[in-house]
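Participant: Pasting the sequence and the predicted model now:
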Amino acid sequence: MIELSDITKTFNTGKQNQFTAVDNVTLAIEPQQITVFKGPSGSGKTSLLSIIGCMARPTSGRIFLHGVAAALPFRNDGGETVEITSLPERFLNEIRRSTFGFIFQQFNLVRGITVLENVMLPAYPTGEGRADFRARAENLLEQFNIARLAGQRSELLSGGEMQRVAIARALINNPSIIIADEPTAHLDSKLSHEFMEIVARLKGEGKTVLIASHDPVVFDSPHIDSVVEMRDGAVVSSRSSR
Amino acid sequence: MILPPAALALVLIGLLVSGMGTYAGYYGMRIIKYWDPGHGTERQLELERRTYLISTIMNYILGFELMSLFLFIYTADDLHTLFTGAMCAAGSLAINSFGYPALLLKIINFLFAGVWLILNYADNRGYDYPLIKIKYELLNLLVPLLVLESVLLFAYFAGIKPDIITSCCGSLFGRDSGSFSGDLAALPHRPMQIACFSGMAITAVSGMFFYLKGRSGYLFSTASAVTFLITIASMLSFICLYIYELPSHHCPFCLLQKEYGYIGYVLYAALFSGAVAGIGVGVLMPFWQVASLVRIIPGMQRRLTVVTLVCYLLFTLIVVWKMSFSALKLG
Amino acid sequence: MKRALERHLNILDFTLASLLRRKAKNFSLLAVYLLVVFMLASLQFFVTALKREAAIILSDTPDLIVQRLSAGRQDLVPVGYAEEIARIRGVTQVRPRLWGYYYDALNGANYTVIASDDPMVAPSRAAVGAGVAKTRNLAVGDLVPLTSYDKTPLMVEIGSIFPHSSDLIAADMIILTPEDFKLLFNFPKGQATDLAVSVRNPKELSTVAAKIADRFPDSRPILKSEIQRTYQSIFDWRGGMTLIILASALLSFIIFAWDRATGLSAEERKEIGILKSIGWETSDVLLLKFWEGTVISLTAFLLGVVLAYGHVFFLSAPLFAQALKGWSVIYPRFQLVPVVDAYQLAVLFFLTVIPYTTATVVPCWRAATTDPDAAMRS
């Protein structure tokens, strides 16, 4: 379970243009479920997800990861619970790398290198042997029916193909939590539905999925378990869709 | 004033190193002053990022110091033809009063930077930056030394006037000279041999004890540091003699030359790395109880101990090998 | 240990791919870098080679030369000095030398004229260096008129020409018999240009020199080692001065490198953002940047050194020859003997790679500390 308590993120503190992107959010997210963060753009969904995903640190508040099988490089007194907000960047990163997989709105594939290399990229700095993660990457491409594209340069792909490559890349380090930020913003309805099918399959494999979206295809999907609605950085409502 | 390109290169490196050091030291002071790990404020995030920069800079400084140390000796050696009576680096360095202090400071700074990086490595493994203040206070001790070193280096090259009659290495390190290095050479070889090999033995035994039992870390660290000093004196006292196979050639620099198969590089590299690692063990000792490092330090110390033991063993083996096959036999 | 190595290998692999992807940008940096290394390396090789050549020439000079000073200027030495010097203990031989310069109005060159008892010259038969032979278009057996002191021609036959291999020493030489020499210059009898003194034990050279200076207060004994030293410092000085002139080039290169490292393209910035967002840590990106710098530096360094080697030792350094040799006009062609050692390469490395590395430290760090969530916010 991911537990957030009083999370606030303020930018440009003490300056004229100070603004609060996330305002005092307290929330519990259930494991092995799909949770959708819904709300207009600028409502703080993305900022909140980047804080949960250890990409950014909140200005104040605490986040606890319960029962996360993260490879922690230090002694952890609270058993399976980790408080992540006070950790230095290199430890946050270690947790992020082993625990979270990210799918971005723009897919964010690196241009000029092949699909296979793109998928393997998150594994490069882990120190794992190249042959090992290469086999895993090929396996993932196989799973998403894009093995034939392995040697293709990423900028030559269609939207649907890019999306699958981005998902495969998010899975390369075998994370337990997948974070997707507006994943369907650049997809047509057919591909959006297909994306939700894939996400449902991941849930079936035991992954926790967090999605920020204001696309009805996503938040009205039968596969999702709960919806958190946000506005102006605060949680307006949080309900289970079951 | 002379202007060989190597001197320009060395002065340039001195400037770069002290410039980088000062830059790192300035941000080190800011870190000491504003460090506030409890909050994710923007200033704190910025300071945490600076720590990466300072680590990188210190890594480069260590590398540059090591490379320029050898380049300095080599350049001094190359310059000896400019001076009547100078036969190698030993004579050129004595040409004015800045040569030897610059060399000494270069060695000290190298050791210092090495130990600092060990501390930095440990600190980076702790999740709450446990050593951050000590680390940057030490850094601010190192910076003036780096600056002083480049000043001395510049003074040395600026103060050189070719043709000054100088003592050559024959007299500088000869037994009759009253100078400091002469005293080292005058240390009788028999007791020095005993001291050197006992030092090595004590370091080895205490190192193995520390490795196996995890106790007496200070003893081991002190032993390795003292042995380092004894060994440097022994280089002058007897090791050089066996390598040159000459009963009165005490110069510690000539063995960096091709005639002796560059054996000096291996010897000094082994000795210096062993000393850095050994001193590093002692520097880490006070932090055994720090909660976030409880699991980190013992493992690091064991690895450092292995480094020291291997380096010193390599050194001893080469020396013993040279002594046994040397044409020279000291009574 | 193995993991650390794998990490390096993986990141190095990505570095190489990245460098190839941005060929245009990296190529211009490489070209400028290469040029700087090339210039500095050429200079370094050239000066070292000249030092070596000078040392070879000087090794032929006598251990001790005695000149006479008159009114603070060098004057002729009475041969009588030689006999007295020969009596000093330890001196094995004293040889009065006759030599001077001959200005050739035809092509503005100065030749060195030396009198010798060597059997290769005979009355009216001279031996000349290849340089002289080439400028005057001479062959063995030709008759040459030399303009003597009173403008009357002195006809000499070319008896032999020195081979090119001895060019550095002998290119501008004309060897005559002592009699012809005296005829040519109206050289006074019983005088010599200077005296070459040989000493049995080299350790006694300075003692002998001191005794000579004592006995003949107007004499100036010069040791070979002093000449060598003077030459070495002159070459070092010239090399250093040229280096300082080139320092402006080095400086502009460093500014260029810094600018390049700072001004990341939007594409690169985005890429680093992506890497950070998918789990690369600041130190991973620093490592990437380190390898990038290393690959560029080593490529530029190796290529620059190889090109400089060709420039100096195969083409005889056309870019520097005029500035640095500064000898007589007669040395148009001599092939330098290649001398390259680890020391020279280390100095070059220090002068080029280390400044470059230093200039890029802060920009690389800035790039590496891009916010990981930047990719999400875009």
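Facilitator: Okay, I see it.
Participant: Assumed B:Asp128 was part of a strand.
Facilitator: No: counting by DSSP: H, G, I helix; E, B strand; the rest coil, B:Asp128 falls outside a strand, being coil.
Participant: what about it, how many neighbours?
Facilitator: Using other C-beta atoms under 10 Å in any protein chain shown, B:Asp128 is surrounded by 17 other residues. From N, CA and C alone the C-beta is placed, and that goes for glycine too.
Participant: distance of it from chain C?
Facilitator: If you measure B:Asp128 against chain C using C-beta to the nearest C-beta, to the nearest Å, the figure is 18 Å.
Participant: contacting residues for that residue?
Facilitator: A:Ser86, A:Pro88, B:Pro37, B:Ser292 (C-beta atoms under 8 Å, 6 or more residues apart in numbering or on different chains).
Participant: Quick check: chain neighbours aside, which residue is closest to the last one?
Facilitator: Right, the one you point to is B:Ser292. Nearest in space to B:Ser292, with sequence neighbours left out and distances taken as C-beta to C-beta, 6 or more residues apart in numbering or on different chains, is B:Gly126 at 3.8 Å.
Participant: Spit out the contact partners of that neighbour.
Facilitator: B:Gly126 neighbours (C-beta under 8 Å, 6+ apart): A:Phe74, B:Val290, B:Ser292, B:Leu293, B:Ile296.
Participant: please redo it, this time with the cut-off set to 10 Å
Facilitator: A:73-74, A:88, A:91, B:132, B:287, B:290-297 (C-beta atoms under 10 Å, 6 or more residues apart in numbering or on different chains).
Participant: Looking at these, which are in helices?
Facilitator: Per DSSP state H, helices hold the following members of those: A:Phe91, B:Ile132, B:Ile297.
Participant: Let's verify the nearest residue to the last one once chain neighbours are set aside: helix, strand, or coil?
Facilitator: What it means is B:Ile297. Spatially, and ignoring its direct neighbours in sequence, B:Ile297 is nearest to B:Leu284 (5.3 Å; C-beta to C-beta, 6+ apart). At B:Leu284, secondary structure determined by three-state DSSP is helix.
Participant: ditto for A:Thr35
Facilitator: Under three-state DSSP, A:Thr35 falls in the strand class.
Participant: Wait, it touches A:Lys45, no?
Facilitator: No: between A:Thr35 and A:Lys45 there is no contact under C-beta atoms under 10 Å: 11.3 Å.
Participant: which stretches of the chain form strands?
Facilitator: The chain I'm using is chain A. In chain A, the strands defined using DSSP state E lie at A:2-11, A:19-29, A:34-38, A:60-66, A:81-83, A:100-103, A:177-181, A:208-213, A:226-231, A:234-240.
Participant: right idea, wrong chain: chain C
Facilitator: Using DSSP E, strands in chain C cover C:64-70, C:73-75, C:77-78, C:91-97, C:99-104, C:109-115, C:125-128, C:143-147, C:153-161, C:173-176, C:191-192, C:194-199, C:219-223.
Participant: Tell me the pLDDT of the residue in the stretch 151-300 of chain B that chain A sits nearest to.
Facilitator: Relative to chain A, the nearest point of the stretch 151-300 of chain B is B:Arg295 (5.3 Å; C-beta to the nearest C-beta). B:Arg295 carries a pLDDT value of 82.
Participant: go on, the one 4 residues further on?
Facilitator: Model confidence at B:Gly299, given as pLDDT, is 89.
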